[in-house]
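>>> Only the shape, not the letters, is given here:
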């Protein structure tokens, strides 16, 4: 549960309370926008020891003064018409650089996701993971095992929880096919429809803006209001403004592509334009923005998986922004760290899978009952999930007679290590999805 942070003392009030002579001392303390690299909210800073002889209030005044010199206005406005702002402290610039290096290029990326023969396996895994965890963040109660089985087999969802996950999976797949298109209100309505169809209490609320009679607010379980979004009457114009921002028509100054995607996430979540499903739509919009701007590796990461590990931090990043004069820097820094961790987790997963494959191949070469040709074929199948083998291809690969090739493949199919099917007059053999697990049982 998110605990509302303490509101900072107003900057203007603090400024007026300090004498001109004392203000010189405060400014000469050379306080920067961060403390030990951290962009602290008043809720955290007030518990720390101030530098020099400053009081906590004076430290906050000096910190805010340093930030004001860096802040830039965004086209996003709050419900009262005040602009949201952001700045790029050193940590934000460092994280944005690393994400661009690691998610937009190919240097250092595992060949498991650059190799056409294996990348789809990892793409499907990431789509499923994001679908599951994004839905769980919104309350879906389904085990990962059941959810994966449903998505992989394509069976019809049994209830609303499963439908939420399947919808999310289909929506993420849909995004991949439309990254070259400009974002429009209609595209967002289609995305919301995909995400929420058959999951809302009011089926009529799918794929449309909320109406004036549909009062929406974000509150704690104890009915403590955390956020009241803009009025429904303003949503159409705000959505148009968000689409212009998404399509890089605003602002006039350069905005780092990753920062743009993160702010889009915040923008849609702040406006809460739909009756329900705003969180899922906001995260999906973030993916659309990243992929459309060339960050192709984002297809393979799951930000919701990282967010779900500490959901209170996700909510707090929104609240820090709203309670500190619309400073979106808090949310930007939080989200950049989420992306970085998601990329790190992807690489850790790929390294782990590669070690498992190497270990399985080692066990395979010690397996009894398999000849050298069969072991070579299974080693190839482990690294090429979409491989297809025929009697003729196996015969040519090993320079053996047709009958020997036929015997090798039929034996592997009988053991359950290949899947046999007939296409026309030709028998084809392919690796089962769980080949690795089946080979582990050969010990």
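Good, I have the coordinates. Since the structure is predicted, the reported quantities are computational estimates derived from the model, not experimental observations. Numbering: from 1, shown residues only.

>>> When you work out contacts or count neighbours from here on, use the C-alpha atoms and nothing else.
Noted.

>>> so what's the backbone phi/psi at the residue lying closest to residue 218 once chain neighbours are set aside?
Excluding its sequence neighbours, the residue lying closest to residue 218 (Cα to Cα, 6 or more residues apart in numbering) is residue 227, at 5.0 Å. Dihedral angles of residue 227 (phi, psi; degrees, to the nearest 10) stand at phi -160, psi 130.

>>> Would you indicate which residues of stretch 404-416 are buried?
Neighbour counts using 16 or more other Cα atoms under 10 Å place 405-406, 408-410, 412-413 of stretch 404-416 among the buried residues.

>>> Now do it: everything it contacts.
The contact list for stretch 404-416, computed with Cα atoms under 8 Å, 6 or more residues apart in numbering, reads 373-374, 390-392, 394-395, 418-420, 429, 438.

>>> hang on, the earlier thing: quick check: the residue nearest to residue 218 touching residue 269?
No: the pair residue 227 / residue 269 is not scored as a contact, 10.3 Å apart, by Cα atoms under 8 Å.

>>> Looking at these two, which is more packed in?
residue 269 (20 against 17; other Cα atoms under 10 Å).

>>> Surely the more buried one forms part of a helix?
Yes: the assignment for residue 269 by DSSP: H, G, I helix; E, B strand; the rest coil puts it in a helix.

>>> before we move on, back to that, sort out which of the buried residues of stretch 404-416 are in helices and list them.
Taking DSSP state H, the ones among those that sit in helices are 405-406, 408-410, 412-413.

>>> which non-adjacent residue is nearest residue 299?
residue 123 is the one closest to residue 299 (Cα to Cα, 6+ apart), at 6.6 Å.

>>> And for residue 28, the neighbour number?
10.

>>> so how far is residue 394 from it?
According to Cα to Cα, to the nearest Å, residue 28 and residue 394 sit 78 Å apart.

>>> Kindly report the same for residue 14.
80 Å.

>>> Which one's more surrounded, these two?
residue 394 (21 against 14).

>>> which ones are touching that one?
For residue 394, the contact set (Cα under 8 Å, 6+ apart) comprises residue 405.

>>> hmm, try it at 10 Å
373-374, 377, 400-402, 404-406, 408-409 (Cα atoms under 10 Å, 6 or more residues apart in numbering).

>>> Let me know the closest of the residues you listed to residue 6.
residue 377 (63.1 Å; Cα to Cα).

>>> Off-centre distance for the helix or strand harbouring the closest one?
Applying DSSP states H and E as the criterion places residue 377 in helix 372-383. In terms of Cα atoms, centre = their mean, to the nearest Å, the centre of helix 372-383 is set 35 Å apart from its chain centre.

>>> Ok, stretch 237-255 next?
The answer for stretch 237-255 is 21 Å, by Cα atoms, centre = their mean.

>>> Just the buried positions in it, please.
Counting neighbours by 16+ other Cα under 10 Å, stretch 237-255 gives 238-239, 241-247, 250 as buried.

>>> same question, stretch 174-183
175, 179, 183.

>>> Turn those into CSV, including secondary structure and pLDDT.
Shown next, in CSV, are the buried residues of stretch 174-183 (DSSP: H, G, I helix; E, B strand; the rest coil; pLDDT from 0 to 100):
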residue, secondary structure, pLDDT
175, helix, 93
179, coil, 93
183, coil, 95
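
>>> Out of the residues you listed, which is nearest to residue 164?
Checking the buried residues of stretch 174-183 one by one against residue 164 (Cα to Cα), the nearest turns out to be residue 175, at 16.5 Å.

>>> Next, count neighbours for the residue lying closest to the closest one once chain neighbours are set aside.
Excluding its sequence neighbours, the residue lying closest to residue 175 (Cα to Cα, 6+ apart) is residue 288, at 6.0 Å. Using other Cα under 10 Å, the number of residues around residue 288 comes to 26.

>>> the strands in the stretch 51-200 of the chain, which residues?
72-77, 83-86 (DSSP state E, counting those that start in this stretch).

>>> picking up where we left off before, now render the buried residues of stretch 237-255 as TSV, adding secondary structure, pLDDT and distance to residue 159.
Formatted as TSV, the buried residues of stretch 237-255 follow (DSSP: H, G, I helix; E, B strand; the rest coil; pLDDT from 0 to 100; distance: Cα to Cα, whole Å):
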residue	secondary structure	pLDDT	distance to residue 159
238	helix	98	34
239	helix	98	32
241	helix	98	37
242	helix	98	34
243	helix	98	34
244	helix	98	37
245	helix	98	37
246	helix	98	34
247	coil	97	37
250	coil	97	42
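
>>> and which of these is nearest to residue 208?
Looking across those and measuring by Cα to Cα, the closest to residue 208 is residue 239, at 11.6 Å.

>>> tell me the contacts of the closest residue to the closest one other than its chain neighbours?
Leaving aside its sequence neighbours, residue 239 sits nearest to residue 185 (Cα to Cα, 6+ apart; 6.6 Å). By Cα under 10 Å, 6+ apart, the contact list for residue 185 reads 191, 208-209, 236, 239-240, 242-243.

>>> what do you get for residue 24?
Residue 24 neighbours (Cα under 10 Å, 6+ apart): residue 18.

>>> Okay, buried residues for the helix or strand where it lies please.
In this assignment (DSSP H and E), residue 24 forms part of helix 20-28. Across helix 20-28, burial judged by 16+ other Cα under 10 Å covers 23, 26-27.

>>> lowest confidence element among the helices and strands of this structure?
helix 111-114 (a mean of 62; mean pLDDT, DSSP states H and E).

>>> Thought residue 93 was touching residue 256, still the case?
Yes: if you go by Cα atoms under 10 Å, residue 256 and residue 93 touch, sitting 9.4 Å apart.
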